[in-house]
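Trainee: the sequence and its predicted three-dimensional model are supplied below.
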Amino acid sequence: MSEEKPYTRCLCMGAGPALTGMMEKFAASDEVRDHFRAARVEFLKGIRALIDARIEELSRKDDEKGATIPVE
């Protein structure tokens, strides 16, 4: 008998293992697996777009600080 791993907190809140179990229970076809694999890629692309937007926003704030002008 195999030991179950203790639940660890993660971003998916346990949805990942639950979906994997559901797919195994329904004996998902290769077509279904391919669809979910593509969905994961698209999800990661969305996360990358959020990160890129935040980097752009932070970079813009640095540019708005102004320039140093020497005073005589």
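Mentor: Structure received. Residues are numbered from 1 along each chain as shown.

Trainee: for residue 36, grab the count of nearby residues.
Mentor: 13 (other CB atoms under 10 Å). Every C-beta, even on glycine, is put in place using the N, C-alpha and C of the backbone.

Trainee: any idea which element it lies in?
Mentor: helix 30-63 (DSSP states H and E).

Trainee: that helix: which residues count as buried?
Mentor: Residues of helix 30-63 classed as buried by neighbour count (16 or more other CB atoms under 10 Å): none.

Trainee: tell me what that helix is packed against?
Mentor: helix 15-25 (3 or more CB pairs under 8 Å, 6 or more residues apart in numbering; DSSP states H and E).

Trainee: any idea how far residue 44 is from the nearest residue to residue 19 once chain neighbours are set aside?
Mentor: Using CB to CB, 6 or more residues apart in numbering and skipping the chain neighbours, the partner closest in space to residue 19 is residue 36 (7.9 Å). Residue 36 sits 13 Å away from residue 44, going by CB to CB, to the nearest Å.

Trainee: before we move on, what about residue 67?
Mentor: With CB to CB as the criterion, residue 67 and residue 44 are 39 Å apart.

Trainee: what's the answer for residue 17, then?
Mentor: For residue 17, the distance to residue 44 - CB to CB - is 19 Å.
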